[in-house]
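> quick one, what's the 3D model for this:
(one chain, ligands or ions: 1)
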Amino acid sequence: MSDELKRRAAKRALQAVRPGMKLGLGTGSTAEHFVRLLGERIAAESLEVVCVPTSEATRNLAQEVGVPITTLEHEPALDLTVDGADEIDSQLRLIKGGGGALLREKIVASASTRMIVIADESKHVGTLGRFPLPVEVVPFGLAATRRAIVSLLGARGLSTSLELRQKGNDPFVTDNGNYIFDLKLGAIDEPERLAADLSKIPGVVEHGLFIGLCSGAVIAAPDGEEILGQL
Ligand SMILES: O=C(CO)[C@H](O)[C@H](O)COP(=O)(O)O
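Have a look, this model is predicted:
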């Protein structure tokens, strides 16, 4: 069911795509539906678009399904990014990075005039933070960066267990050659403040709080799609 909801959200967002657009393509299972549906529409309508993928996985998928790919070097200003999310609240604030692509996702979303999030209803939350917050860090100085994050959270009265994301027996490595800490916070009362604080820590490359980037969302539920913000 969840997969069908993800597909329906992707299909609704596809209506926002117009000929000639420069698009950002997200990463994850929901974004995968969007890329596949976009490929089908390109083939059916000879739709002319160019797309910047947010991960190597999405790049490979786009090439496989006939979606034209470019880079931010060639197209530094995009019209629209369509991406999934791990959590979204009613103010269109997001947690992203469950798939490990948060850095490129944030760069691409920031380069876009609009960002539409596509999600099934399970991602729509009252308060962000039940999903562990991904924080991408450089491998150099890992223990010191970890200590700085723990110290920052402690000073703010937040208790967390912080885990280095693993892939098998090794640390998970992002497309940018970095590692990810997942911060189990339970609830994030002041996402803007936490985002600003995390960004100040040397060694933190990016965090998964996306604030002020999402302009609209399609939340798919069994009884239909809810639209948040503007598509
Ligand atoms: O942020 C992401 C990848 O870094 C994804 O958008 C997020 O994890 C949601 O994935 P899915 O659509 O598979 O639930």
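
> quickly note the distance from residue 13 to the ligand.
12 Å (C-beta to the nearest ligand atom, to the nearest Å). In short, each C-beta sits where N, CA and C put it, glycine included.

> from the chain's centroid, how far away is the helix or strand hosting that residue?
Assessed by DSSP states H and E, residue 13 sits inside helix 2-14. Put simply, helix 2-14 sits 16 Å off its chain's centre (C-alpha atoms, centre = their mean, to the nearest Å).

> what's the next secondary structure element after it?
Downstream of helix 2-14 (by DSSP H and E), the next one is strand 22-25.

> does any part of that next one sit near the ligand?
No: Strand 22-25 is not in contact with the ligand by C-beta under 6 Å from any ligand atom; minimum separation 11.0 Å.

> near the ligand, which residues of this protein show up?
26-31, 83-86, 96-102, 105.

> who are the packing partners of the helix holding residue 13?
Contacts defined by 3 or more C-beta pairs under 8 Å, 6 or more residues apart in numbering; DSSP states H and E place helix 2-14 against helix 29-45, strand 112-120, strand 216-221, strand 224-229.

> okay, these, which one's buried deepest?
When those are scored by mean count of other C-beta atoms under 10 Å, the highest mean neighbour count falls to strand 112-120 (a mean of 25).

> average pLDDT for that strand?
The average pLDDT within strand 112-120 is 98.

> so what strands line up beside it?
strand 78-83 (parallel), strand 216-221 (parallel) (DSSP bridges).

> tell me, what residue is most central in this structure?
Central residue of the chain (C-alpha atoms, centre = their mean): residue 96, 4.2 Å from the mean position.

> buried set for the helix holding residue 13?
5, 6, 7, 8, 9, 10, 11, 12, 13, 14 (16 or more other C-beta atoms under 10 Å).

> residue 220 is in contact with the fourth one, correct?
Yes: the criterion here is C-beta atoms under 8 Å, and residue 8 meets it with residue 220 at 4.5 Å.

> give the residues shared as contacts by the two.
Shared contacts of residue 8 and residue 220, defined by C-beta atoms under 8 Å, 6 or more residues apart in numbering, are absent.

> nothing else from me, thank you.
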